[in-house]
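Trainee: fold the stuff below for me.
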Amino acid sequence: MTMVLAAYGELADDQTHQLRQHLDGCPACAEELEQLLALKTLAEANPVEEPDANLMARSRLRLEETLDRLPPKRWYDRAAEWLTRTASGLQAAPVAASLLLLAGAGAGSLVGYQFAVRHQANLAMVREGVGSAENAKPASSANGFAADGNVASISQIVQLPHSRVVEVSYSSLEPRRARGSLEDPQIRQLLMMAAQDAPNAAVRNNSVALLAAECRSGRGCAGTDASGGNLREALMIALRYDRSAAVREKALEGLQLYVSDDVEVRDALLEALMNDPDAQIRSEAITMLAPVDADSSVRQVLSTVATQDNNAHIRDASRLVLQRVSEIQ
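Mentor: Next up, the predicted model:
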């Protein structure tokens, strides 16, 4: 520890004097100090690059949103975690292990009883919901989504023929179904959740297609209000991170009207042009970015793609856009 403090100049004066006297008679310690100084010089010559501030902010927001969607842990979940952490210490404590086993059996019986009671209550709620679903009420009141908001997963999205009414099947403690217009805030919230979290690619594809159609028509996706921004954000997340190329392509099409006015949308398209593995999506991104080719960041990315992309068609398309920019200038 003394060597490290000395290498960074943090050692007190009296201790520094004592260390120098010691180093005069100890070649091994002197060599160790020289190695520390060399390592410090090497570290200063190669500083750690800080991540982009915008990337950190977006990642932090996505992390907070994901954590907010996690259901709160119940007391028996926390008890199970505590038992897991302390299990290693019980190997040398058979008496405590026996007591813990008895406590676990009692807790299991109590949890089973609570689950049975809650299950019966949920069945009663479902029966009431089925009876009231016959009435054509809005999604926010007919299916109880606004009351609890605890959506675990979304299994199906169906748009009724020749209408703007959407039916969303989702699971909370029990499978449920919501029906309402695409303008309904609760329906939109379910669609945005499905676009980001649904494990089924077909469900994500349907939800992104509906959101993209709303944005292409300019309904609820334009402007700077929270609703429109949320729809665009959902499409940008799908464009960046969805595993399905079909889903990413639909998200890209839904953002077309907002490339000129929304810098975040433009950045999402530039990321797709640089990183998306699907050549069709990269080609469509070039076409959508062409009207804003005066942007220096767009020209910079196009220059990089024109020389480094592994697809000849993509390289040629980037060169054509850059050539048109140079002719205009």
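Trainee: CA atoms for contacts and neighbours, from now on please.
Mentor: Noted.
Trainee: rounded mean pLDDT for the strand or helix carrying Gln156, please.
Mentor: Using DSSP states H and E, Gln156 maps to strand 153-159. On average, the pLDDT along strand 153-159 is 81.
Trainee: how about the next helix or strand after that strand: buried residues?
Mentor: Following strand 153-159 in sequence order, the next helix or strand is strand 165-171 (DSSP H and E). By neighbour count with 16 or more other CA atoms under 10 Å, strand 165-171 contains the buried residues 165-170.
Trainee: among these, which one has the lowest pLDDT?
Mentor: Within those, lowest confidence goes to Tyr170 (75).
Trainee: on that earlier part again, which two of the buried residues of strand 165-171 have the greatest separation?
Mentor: The largest separation in these, counting by CA to CA, is between Val165 and Tyr170 at 16.2 Å.
Trainee: about what we covered before: mind saving the C-alpha coords of the strand holding Gln156 as CSV?
Mentor: This file holds the C-alpha atoms of strand 153-159, laid out as CSV (Å, rounded to 0.1, in the frame of the first residue of the first chain):
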residue,chain,number,x,y,z
SER,A,153,-47.1,-10.9,-21.0
ILE,A,154,-49.1,-10.3,-24.2
SER,A,155,-50.0,-13.4,-26.2
GLN,A,156,-52.1,-12.1,-29.2
ILE,A,157,-53.0,-8.9,-31.0
VAL,A,158,-55.9,-8.9,-33.5
GLN,A,159,-57.4,-5.9,-35.4
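Trainee: so how far is that strand off the chain centroid?
Mentor: In terms of CA atoms, centre = their mean, to the nearest Å, the centre of strand 153-159 is found 20 Å from the chain centre.
Trainee: and stretch 279-294, by the same measure?
Mentor: Chain-centre distance of stretch 279-294: 25 Å, with CA atoms, centre = their mean.
Trainee: tell me the angle of whichever helix or strand Arg188 is part of relative to strand 165-171?
Mentor: Arg188 is part of helix 185-197 when elements are defined by DSSP H and E. With axes from the mean of the first three to the mean of the last three CA atoms, to 10 degrees defining the directions, helix 185-197 sits at 60 degrees from strand 165-171.
Trainee: just the mean pLDDT for the helix or strand just after helix 185-197, thanks.
Mentor: Using DSSP H and E, the next helix or strand after helix 185-197 towards the C-terminus is helix 201-217. Per-residue pLDDT over helix 201-217 has a mean of 88.
Trainee: quick revisit: quick check, nearest of the buried residues of strand 165-171 to Pro51?
Mentor: Nearest to Pro51 among the buried residues of strand 165-171, counting by CA to CA, is Tyr170 at 37.4 Å.
Trainee: tell me the contacts of the nearest residue to the closest one once chain neighbours are set aside?
Mentor: Spatially, and ignoring its direct neighbours in sequence, Tyr170 is nearest to Ile154 (4.1 Å; CA to CA, 6 or more residues apart in numbering). With contact set as CA atoms under 8 Å, 6 or more residues apart in numbering, Ile154 has these partners: 168-171, 190, 194, 198, 203.
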